[in-house]
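# Show me how the following folds:
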Amino acid sequence: MMKARMNEALNRQINEEAFSSYLYLSMSAWFESQNLKGFANWMKVQAQEEAVHAKIFFNHIVERGGRVKLEAIAAPKTEWASPLEAFKDTLEHEKHITACIHGLMDLAVEEKDHAAAIALQWFVSEQVEEEANAEELLAKLEMIGDSKNGLFMLDKELAARVFRMPAGVTV
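The predicted model follows:
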C-alpha cells in the first residue's frame, strides 16, 4: 500500500496529464480553425498520449491499493497568434510536466517508494522525448519564419504522425 502523500501527489499528476490532453485538444481545434490539418493531427496524437499517461497513473494507484480522486480539469487556452506561439506554449508546458515528474520522483525517493520510483522512471525518460520533440518543432517553425511554403511542408510532415500505445502499457 502506498503512503498518503504519494497517493495525493499521483492524483495531482492524473489531473496534470488530463489537463495536458485537454490543452493539446484545444491546440488541435485551433489548428483546425487555421486549416492546418497536419498540425491539428500532431496535437490530437499528443492529446491521446497524455490521456494514456493519466491512465497509467490511475492504474498505478489502483494496483497499489490507493484511492483515485479525480478533480476538475482547468480550461485550457484556446487561441494562439501563430503556430510558433502554440509550440512555444507546448515546450513550456512540457517543461512544467517534467518538473512535476521530477517532483514525484523526489517524493518517491524520500518516501522510499520503490514501486513508484520504478514506474516514474518511464516518465522521466518520456519527458526527455517530449521536450526534444517540442524543441525540434519549435526550431523548425523558427527556421520557416514567414514562409508559407515552409509551413505547408511542415504541415504535410505532421499529418503523418500516428498514435502508438507505448510498449508494455495496457490501459
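# so how far is whichever helix or strand residue 43 is part of off the chain centroid?
For residue 43, the host element (DSSP states H and E) is helix 37-63. Relative to the centre of its chain, helix 37-63 is centred 7 Å away, using CA atoms, centre = their mean, to the nearest Å.
# Buried residues, that helix. List them.
38-58, 60-61 (16 or more other CB atoms under 10 Å). Bear in mind the C-beta positions are built from the backbone N, C-alpha and C, glycine included.
# again, but for stretch 90-104
So, applying 16+ other CB under 10 Å, buried residues of stretch 90-104: 90, 91, 93, 94, 97, 98, 100, 101, 104.
# Contacts made by it with the rest, please.
By CB atoms under 8 Å, 6 or more residues apart in numbering, the list of residues contacting stretch 90-104 from outside reads 9-10, 12-13, 16-17, 20, 23-24, 27, 46, 116, 120, 123-124, 127, 130-131, 134-135, 137-138.
# What does the pLDDT read for residue 85?
Confidence at residue 85, expressed as pLDDT, is 98.
# hmm, I was thinking of residue 140
Note on residue 140: pLDDT of 98.
# leaving aside the residues next to it on the chain, what's closest to it?
residue 154 (5.9 Å; CB to CB, 6 or more residues apart in numbering).
# and the one you found, what does it touch?
Here residue 154 is in contact with 38, 39, 137, 140, 141, 144 (CB under 8 Å, 6+ apart).
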